[in-house]
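# A predicted structure for the sequence below; I have some questions about it.
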Amino acid sequence: MTRKMNDKRYSRYKQKEILAQKLSISFHPEDNDRLTYEQAYKIAEDFARKFFWSKGYEVLFAVHTDTAHTHVHFLVSNCNVKDGKSFRRGPTELKEMCRYFGEQCRDYGLTHSYRDSYYVKDKDRERQNFAEYQMKKRDKLSFREEIKVLLRNAMNRPENMTLQDVIEYAKKYYLLDVRLRGNTISYALKYRTDKKGKPMAVRGSRLGARFTVAGITEYLKKREKSRLEYERIKADIEQESGRYDDYAEWNIADEKKNTGIDTAGQVQKESDNKEDISIYEGFDRFCEKENIRDDEEEVFYGAAFDEFNREWQGIASEEQTEPTSHKEEQEIPPDYTKMSIQERVRQLPPPTEDTSQEFEAYKNRMGYDAAKMKSIRYKMSVYDEFLEELEARKKYHGTKAYGRQSTRKRDRGER
């Protein structure tokens with residue numbers, strides 16, 4: 001009826017007519033426990049009123065709570081009630097919608113559903129016209145797609161380090177006619193001609209941002225950076241693996257010590273009631289005993305290694321032999337505000353499943369009283385800090401309970 005009143009065509013037999021546009025908003029699954037159906041409906045209603053109904057477009061929306069994440073579907077009429085204009089939404093409108101939805105989530109305390117990054121157009125996306133789309137559907141390669149394939153191959157060759165290297169390689173091996181004038185570059189295939197017999201050419205900007213002068217230069221820089229990073233990681237892995245391969249040499253040195261053979265540069269150590277092993281092998285045994293995974297850097301370099309070091313130096317055993325009454329006299333409530341997250345998680349007990357109770361305990365030990373928590377923005381920042389500490393506690397205390405068997409012993413056996 002709205003389309004007829006505005007002299008717009010409508011027929012259910014003409015399926016190409018765009019009668020409505022579909023949009024949706026969704027909430028993060030971790031916000032389901034604090035989001036009710038009424039709240040989701042209110043957010044959707046405000047959203048529909050601001051962006052559709054207030055601008056003259058009829059809208060139908062539905063709130064779904066029967067999935068892992070609550071979400072809302074909008075069906076927006078493609079015909080304006082007042083002037084009959086079609087519904088349009090571009091990058092500017094989508095960015096505005098994302099920002100408004102994020103503000104709604106923050107007002108309701110839905111911290112996981114709020115995003116700092118709004119809608120941005122994909123600048124690296126390769127352009128494709130209608131003719132190329134149709135040829136792709138028929139599994140045929142257009143001349144533009146053929147040029148893209150050849151250029152990708154030339155850009156990925158290890159020996160091509162600069163833009164000029166890519167151009168020379170494409171000319172020599174792929175017979176591409178490349179013309180470079182300042183920041184403008186164009187490509188042509190000599191064996192691909194139009195109806196007049198001229199080679200078919202296209203500018204790099206028509207192929208996509210990746211095939212322009214700036215795009216190729218930037219891609220080569222990223223590729224070189226990735227290569228250097230790979231070489232650095234590879235060298236670090238070889239260096240670390242070399243340390244574990246020295247177990248055999250350490251065992252030989254131990255045998256020489258036990259048999260009385262003195263070796264140059266070695267200091268003889270006597271240990272009381274403890275095996276004479278290296279600190280590296282001692283840490284491996286500690287990980288196997290405590291069932292600690294060895295694929296987490298924060299475990300290897302963090303609290304687990306500190307705990308092992310205390311045990312290795314005999315500090316833990318000395319503390320255990322202290323009289324209980326003497327320890328209680330010296331106990332002072334720790335000041336958590338002056339500690340880092342890693343220091344706090346080593347002293348705090350394993351977290352419970354009650355997030356609300358844990359949040360209240362966090363506010364008490366960090367000194368956040370009711371007066372400070374009045375501002376909603378301040379409250380959200382405090383809650384974000386609490387979540388960061390909670391995740392660190394779960395990772396630290398969950399390592400021993402749920403960690404997999406250490407793989408170092410198995411790896412040594414395979415070697």
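Yes, it's here.

# can you count the residues close to residue 360?
For residue 360, the neighbour count with other C-beta atoms under 10 Å is 12. Where C-beta positions appear, they are placed from N, C-alpha and C, glycine not excepted.

# can you count the residues close to residue 396?
Applying other C-beta under 10 Å, we find 22 residues neighbouring residue 396.

# pLDDT of the lengthiest helix in the chain, averaged?
What stands out as the longest helix in the chain, according to DSSP state H, is helix 213-244. Mean pLDDT, computed over helix 213-244, is 82.

# Report the buried residues of that helix.
By neighbour count on 16 or more other C-beta atoms under 10 Å, the buried set for helix 213-244 is 213, 215, 216, 219, 220.

# now, among the residues you listed, which is nearest to residue 107?
When the buried residues of helix 213-244 are compared for distance to residue 107 (C-beta to C-beta), residue 215 wins out at 40.9 Å.

# Against residue 200, how distant is that closest one?
21 Å (C-beta to C-beta, to the nearest Å).

# just residue 148 next, same as before
14 Å.

# Between these two, point out the one with more neighbours.
residue 148 (21 against 17).

# relative orientation of the strand ranked longest in the chain and helix 213-244 in degrees?
In the chain, taking DSSP state E as the definition, the longest strand is strand 184-193. Here strand 184-193 points in a direction 100 degrees away from that of helix 213-244 (axes from the mean of the first three to the mean of the last three C-alpha atoms, to 10 degrees).

# The chain: strands as residue ranges?
Counting by DSSP E, one finds strands in the chain at the ranges 20-26, 59-64, 71-77, 176-181, 184-193, 199-203.

# Out of those, which gets nearest to residue 348?
Nearest to residue 348, of all those, is strand 20-26, at 34.1 Å by C-beta to C-beta.

# Show me the contact partners of that closest one.
For strand 20-26, contacts defined as C-beta atoms under 8 Å, 6 or more residues apart in numbering pick out 43-44, 47, 69-78, 87, 89, 97, 101, 113.

# residues in contact with residue 64?
Contact analysis of residue 64 by C-beta under 8 Å, 6+ apart lists 70, 71, 72, 73.

# what pairs with it across the strands?
Beta-bridge pairing for residue 64 (DSSP bridges): residue 71.

# show me what contacts residue 229?
With contacts defined as C-beta under 8 Å, 6+ apart, residue 229 has no neighbours.

# So residue 353 versus residue 191, what's the distance?
In this view, residue 353 and residue 191 are 68 Å apart by C-beta to C-beta.

# Please apply the same query to residue 342.
Remark: distance between residue 342 and residue 191 (C-beta to C-beta) = 64 Å.

# Likewise for residue 277?
Distance of residue 277 to residue 191, computed by C-beta to C-beta: 71 Å.

# Looking at the two, which one has more neighbours?
Using other C-beta under 10 Å, the more surrounded residue of residue 277 and residue 191 is residue 277, with 15 against 8.

# quick one: the helices in the stretch 51-200 of the chain?
For the stretch 51-200 of the chain, applying DSSP state H, counting those that start in this stretch gives helices covering 91-107, 130-137, 143-155, 163-174.

# Reformat these into JSON lines and put distance to residue 35 next to each item.
JSON lines is the format used below for those (distance: least, C-beta to C-beta, whole Å):
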{"stretch": "helix 91-107", "distance to residue 35": "9"}
{"stretch": "helix 130-137", "distance to residue 35": "40"}
{"stretch": "helix 143-155", "distance to residue 35": "45"}
{"stretch": "helix 163-174", "distance to residue 35": "51"}
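
# Can you say which of those helices is nearest to residue 347?
Of all those, it is helix 91-107 that lies closest to residue 347, at 32.3 Å by C-beta to C-beta.

# For the closest one, list every residue counted as buried.
Residues of helix 91-107 classed as buried: 97, 98, 101, 102, 104, 105 (neighbour count, 16+ other C-beta under 10 Å).

# Could you name the helices and strands sitting against it?
If you count contacts as 3 or more C-beta pairs under 8 Å, 6 or more residues apart in numbering; DSSP states H and E, helix 91-107 packs onto helix 37-51, helix 376-402.

# Mind doing that once more with 10 Å?
strand 20-26, helix 37-51, helix 376-402 (3 or more C-beta pairs under 10 Å, 6 or more residues apart in numbering; DSSP states H and E).

# what angle separates it from strand 20-26?
Comparing the axes of helix 91-107 and strand 20-26 via the same axes, to 10 degrees yields an angle of 40 degrees.

# so helix 91-107 versus strand 71-77, what angle?
Orientation note: helix 91-107 sits at an angle of 140 degrees relative to strand 71-77 (the same axes, to 10 degrees).

# With just CA atoms, put helix 91-107 into CSV.
Only the C-alpha atoms of helix 91-107 are listed here, as CSV (Å, rounded to 0.1, in the frame of the first residue of the first chain):
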residue,chain,number,x,y,z
PRO,A,91,29.6,3.8,5.4
THR,A,92,28.6,7.0,7.2
GLU,A,93,25.2,5.6,8.3
LEU,A,94,26.6,2.3,9.3
LYS,A,95,29.3,4.0,11.4
GLU,A,96,26.6,6.1,13.1
MET,A,97,24.5,3.0,13.8
CYS,A,98,27.5,1.1,15.3
ARG,A,99,28.4,4.1,17.6
TYR,A,100,24.8,4.5,18.8
PHE,A,101,24.4,0.7,19.5
GLY,A,102,27.7,0.8,21.4
GLU,A,103,26.5,3.7,23.6
GLN,A,104,23.3,1.7,24.3
CYS,A,105,25.3,-1.3,25.4
ARG,A,106,27.5,0.8,27.7
ASP,A,107,24.4,2.4,29.3
